[in-house]
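Asks: I need the structure of the sequence given here:
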Amino acid sequence: MTERYHDGSRQLQDRHDTRRLADRLVEKVHSDVLGPGERAFLERMSMFFLATADADGQPQCSYKGGDAGFVRVLDERTICFPVYDGNGMYLSLGNVQVNPKVGLLFVDFESPSRLRIEGTATLDEDDELTASYAEAQGVVRVAVTQVFPNCPRYIHRMELVEPSRFVPHQGEPTPVPDWKRSDLAAGVLPAGDPAAQ
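Replies: Next up is the predicted model:
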C-alpha cells in the first residue's frame, strides 16, 4: 500500500505519540481487498454514509439506505449500490461526476461494529445491474482502495424499529413522500414523477 498518512495526520500522531500505533493499524488491519468477513458484514447492512467532495474540495455527506444487501460485493475489489429517487439535488452523485474519490462508513448499531471503505466511484445509469434493483435510476460502482474496521467503542446501541416504507421493491408500488405533494414541489417535479399525477 502507498503511504497512508499525510503531514497533517503525522503532526497530530507525533504530538500525541500515536505514530507507532497508527502504523501498526495500517500494517495489521487495513487492506485493499474485501475478505469473507467484510462481505458478510456488507451483505447484512441496510444503510451507510457516503462522503464525497466536489472539484474544489467542498465535502458532502449523505445517508444511503435500502434493504439489507442493497450494497453488493461484486468481487474482492468492487462494490456497488443503487441510485434511488431522492430530492433531485444530486449533491453526492454530482460530486462523483467531478471528483470520484469516495468514503463509505457502515455502522452496525445493534452489534456495535463499523467498517470504512475508500475508493473511486463511477455512476452509470445504464449499468447492467440497474434492472436488478427495483426503481433504480442507475448504479454506483466503487473500486475499493482501502478497507478497514473502526473501533466500535463510541457506537451507541440502537435497534431498527421499522424499515423505511419508501425503499423500492419489485412488483410493489412505492409510496410518494408527502413533501413531493407539498407547495415546495408544486410545478417543479420532473416529468413522469408519480407525485405530479
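Asks: and stretch 84-102, what's buried?
Replies: Using 16 or more other CB atoms under 10 Å as the test for burial, stretch 84-102 gives Y84, D85, S92, L93, N95, V96, N99, P100, V102. (C-beta placed from N, C-alpha, C; glycine too.)
Asks: now that stretch: how far from the chain's centre is it?
Replies: 11 Å (CA atoms, centre = their mean, to the nearest Å).
Asks: which stretches of the protein form helices?
Replies: Ranges of helices in the chain, per DSSP state H, are 7-15, 19-28, 36-44, 91-98.
Asks: centroid residue for the chain?
Replies: L50 (3.8 Å; CA atoms, centre = their mean).
Asks: what pairs with that one across the strands?
Replies: Beta-bridge pairing of L50 under DSSP bridges involves S62, L104.
Asks: in contact with it, which residues?
Replies: By CB atoms under 8 Å, 6 or more residues apart in numbering, L50 lies in contact with C61, S62, Y63, K64, S92, V102, G103, L104.
Asks: could you redo the last one with a cut-off of 6 Å?
Replies: S62, K64, S92, L104 (CB atoms under 6 Å, 6 or more residues apart in numbering).
Asks: also V29?
Replies: F148.
Asks: could you measure from it over to Q146?
Replies: Using CB to CB, to the nearest Å, V29 is found at 11 Å from Q146.
Asks: how far does stretch 37-45 sit from the chain's center?
Replies: 13 Å.
Asks: pull out the buried residues from it.
Replies: Buried residues in stretch 37-45 (16+ other CB under 10 Å): E38, F41, L42, M45.
Asks: any of the contacts of L50 buried? List them.
Replies: Buried by 16+ other CB under 10 Å: K64, S92, L104, out of these.
Asks: hang on, G119 packs against T145?
Replies: Yes - counting by CB atoms under 6 Å, G119 touches T145, with 4.9 Å between them.
Asks: for these two, indicate the residue with more neighbours.
Replies: G119 (20 against 15; other CB atoms under 10 Å).
Asks: now the phi/psi pair for A136, please.
Replies: Note on A136: backbone dihedrals following degrees, to the nearest 10 are phi -70, psi 140.
Asks: picking up where we left off before, out of the buried residues of stretch 37-45, which is nearest to G192?
Replies: The nearest member of the buried residues of stretch 37-45 to G192, counting by CB to CB, is M45 at 31.0 Å.
Asks: how much space separates the spatially closest residue to that closest one that is not a sequence neighbour from G57?
Replies: Spatially, and ignoring its direct neighbours in sequence, M45 is nearest to F106 (5.0 Å; CB to CB, 6 or more residues apart in numbering). According to CB to CB, F106 stands 24 Å off from G57.
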